[in-house]
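>>> Sequence below, structure please.
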Amino acid sequence: MRKIKVVQTRSIIDRPKDQKATIEALGLGRPNWEKVHNDTPQIRGMIKKVNHLVRVEEIKE
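Numbering: from 1, shown residues only. Okay, here's the model as predicted:
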């Protein structure tokens, strides 16, 4: 399965609760934190919701 690295680039201060919850569900919480996830439709949907707060990189294996 393909992997993607999600890096938080912006703070969640003054963001709606649903965006804060999505960032926490992705395993992030502070700028420059990163987490590796499987590339699934569920993860892609969460990334789409907070795409203005994160950066996504595909991992080549």
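>>> Helices along this protein, start to end?
With DSSP state H, the ranges of helices along the chain come out as 17-25, 41-49.
>>> Those helices: which one's closest to Lys5?
Closest approach to Lys5 among the helices of the chain is made by helix 41-49 (11.1 Å; C-beta to C-beta). C-beta: built from backbone N, CA, C; applies to glycine.
>>> Give me the mean pLDDT for that closest one.
If you average the pLDDT over helix 41-49, you get 98.
>>> what does it rub up against?
Ile4, Val6, Asp18, Gln19, Thr22, Ala25, Leu26, His37, Val54, Val56 (C-beta atoms under 8 Å, 6 or more residues apart in numbering).
>>> check contacts around the last one.
What it means is Val56. Applying C-beta under 8 Å, 6+ apart, the residues near Val56 are Ile4, Lys5, Val6, Val7, Ile47.
>>> Of these - the most surrounded one?
Top of the contacts of Val56 by neighbour number is Val6, holding 22 neighbours under the definition other C-beta atoms under 10 Å.
>>> residues touching it, list them.
Neighbour list for Val6: Leu26, Leu28, Glu34, Lys35, Val36, His37, Ile43, Ile47, Val54, Arg55, Val56 [criterion: C-beta under 8 Å, 6+ apart].
>>> Many thanks, have a good one.
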